[in-house]
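K.L.:
everything below, folded, please.
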Amino acid sequence: MTQGMPAEPLFAQIKLHTYFGGGEIFAAHLAEAAAGLGGSSVLIVHPAAKHWQNLHLPATRLIEAHDWAEAVTKLPRGLPVIVHAAPPLDIAQKIAAMQPLIGFVHMPLNRFYADSRHAYGACTRVVGVSGYVIDTIRGLGLEAWPDPFYGVADARRPGDGEGIVSTSEFEWDRRKFRDRLLGLSEPFWSRLRRQTAYQKRDGLTLGIVSRLAPIKQFPLLMELLSPELARQKNIFLEVFGAGGYASVRDLRRALKPLGERVRFWGHQRDVARAYASIDVLMTGLPEREALGLNVIESQACGVPVLAPGAPPFTETVLPGKTGWLYADPRKSGDAVYPSFSALLAQIQMGKAAGSLPDPRSETEHMERFSKNAFNKRLAALLASVR
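P.N.:
Numbering: from 1, shown residues only. Next comes the predicted model:
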């Protein structure tokens, strides 16, 4: 790049979701990687998504569009275009006819999302964010970029240093009448709840650090696990994250056996502090999970992970070194992984002895989720469509 001259854009991204989650962090890391490769990028976002203003987006030109059709009219011509969800088929075909179209797949294309095969089939490249996702892409007869495009294990956010204070655990969907009504009334009834600052309790602290989205299946998992958690003394569960009304309601119901040993803290901007506030991260159920950005972020913060023993968690957790994998509680006779209760007892002993594993010591494993590895993956992908 010539001194004093603007960097050439390497690609454009379209990310029209209005909520904030792992896909938005991934898109921000792509923008950062473009700057790391000596270029810039273009990011087309929805006007209602205000979170982009608070993310680290070096050398990024932000363009607003309300929908896919408007986004196409605002695309800079000649650049590879990255999408993070399957566009409507006609939109995918229109973009691919003009310039290279790279479809990132952030969800396993199994029975839940198989309908997106047609739009992804129009893409120049179809890129999975884990080996598990790649297998589901190929299972639909599509050609997948051969290497998993893992995310970056970086928990830093603009809210670092704010600390943990309780906030609303709800994300209101303004398309639903119930959510509109509750969302408008929340400022009034939420005043009845005391806002508290986080203090860690003595004992073993398990944590959920995630959007409480349906794909995570936290209510179902906790309905199966909470009786065992309730039987054990000095085990606490802290929930950092927000979700829709039904998701939060069902999760609270599933965790009722824990009583006051479970606390909801809502969405937290200081994510690194949330990880530092727990001893072990708990994931949701695996089959609708693509990678689990929180899994690699937690490990980067030195916090081990407790997850069901199935893809994609088998790619991101090294048993006994960066966390533990347990037998799926929905299945009987799983002899591959220990039971949840057996691992829970082991973890409690490790906590008491001060010997819980620190994932950061597994440098080769963590390097797969580094910015350096991410930048190399992006460079190789872009070179393939030039």
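K.L.:
the closest residue to Phe313 other than its chain neighbours in helix, strand or coil?
P.N.:
Spatial nearest neighbour of Phe313, chain neighbours left out: Ala307 (4.0 Å); criterion: C-beta to C-beta, 6 or more residues apart in numbering. All C-beta spots, glycine's among them, are computed from the backbone N, C-alpha and C. For Ala307, the assignment made with DSSP: H, G, I helix; E, B strand; the rest coil gives strand.
K.L.:
what sits against Ala307?
P.N.:
Applying C-beta atoms under 8 Å, 6 or more residues apart in numbering, we find Ala307 in contact with 282-283, 286, 292, 295, 313, 317, 323-326.
K.L.:
restricted to strands, list these.
P.N.:
282, 323-326 (DSSP state E).
K.L.:
ok, back up a step: what's the closest of the contacts of Ala307 to Gly266?
P.N.:
Met282 (17.4 Å; C-beta to C-beta).
K.L.:
measure that closest one to Ala114 for me?
P.N.:
In this view, Met282 and Ala114 are 28 Å apart by C-beta to C-beta, to the nearest Å.
K.L.:
also Pro47?
P.N.:
31 Å.
K.L.:
now Ala380
P.N.:
Counting by C-beta to C-beta, the gap from Ala380 to Ala114 is 28 Å.
K.L.:
next: Leu43.
P.N.:
Distance from Leu43 to Ala114, by C-beta to C-beta: 28 Å.
K.L.:
so where's this protein shaky on pLDDT?
P.N.:
Counting by pLDDT under 70, the chain contains low-confidence ranges at 1-5, 158-161, 172-195, 334.
K.L.:
how about the strands in it?
P.N.:
9-15, 40-45, 60-64, 81-83, 101-105, 125-128, 204-209, 235-240, 262-266, 280-282, 305-308, 323-326.
K.L.:
could you dump these to TSV with distance to Thr167?
P.N.:
TSV is the format used below for the strands of the chain (distance: least, C-beta to C-beta, whole Å):
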stretch	distance to Thr167
strand 9-15	24
strand 40-45	24
strand 60-64	26
strand 81-83	31
strand 101-105	30
strand 125-128	33
strand 204-209	14
strand 235-240	10
strand 262-266	3
strand 280-282	20
strand 305-308	24
strand 323-326	27
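K.L.:
follow-up on the earlier one: between Met282 and Ala114, which is the more surrounded one?
P.N.:
Between Met282 and Ala114, counted using other C-beta atoms under 10 Å, the more crowded position is Met282 (23 against 13).
K.L.:
ok, the more buried one to Glu70 distance?
P.N.:
Applying C-beta to C-beta, the value for Met282 to Glu70 is 40 Å.
K.L.:
what does Leu382 give?
P.N.:
Separation of Leu382 from Glu70 (C-beta to C-beta): 25 Å.
K.L.:
sorry, back to before: save the contacts of Ala307 as JSON lines, and put in distance to Gln13 too.
P.N.:
Compiled in JSON lines, the contacts of Ala307 are given as follows (distance: C-beta to C-beta, whole Å):
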{"residue": "Met282", "distance to Gln13": "31"}
{"residue": "Thr283", "distance to Gln13": "27"}
{"residue": "Pro286", "distance to Gln13": "27"}
{"residue": "Gly292", "distance to Gln13": "22"}
{"residue": "Val295", "distance to Gln13": "24"}
{"residue": "Phe313", "distance to Gln13": "27"}
{"residue": "Val317", "distance to Gln13": "29"}
{"residue": "Gly323", "distance to Gln13": "31"}
{"residue": "Trp324", "distance to Gln13": "36"}
{"residue": "Leu325", "distance to Gln13": "34"}
{"residue": "Tyr326", "distance to Gln13": "37"}
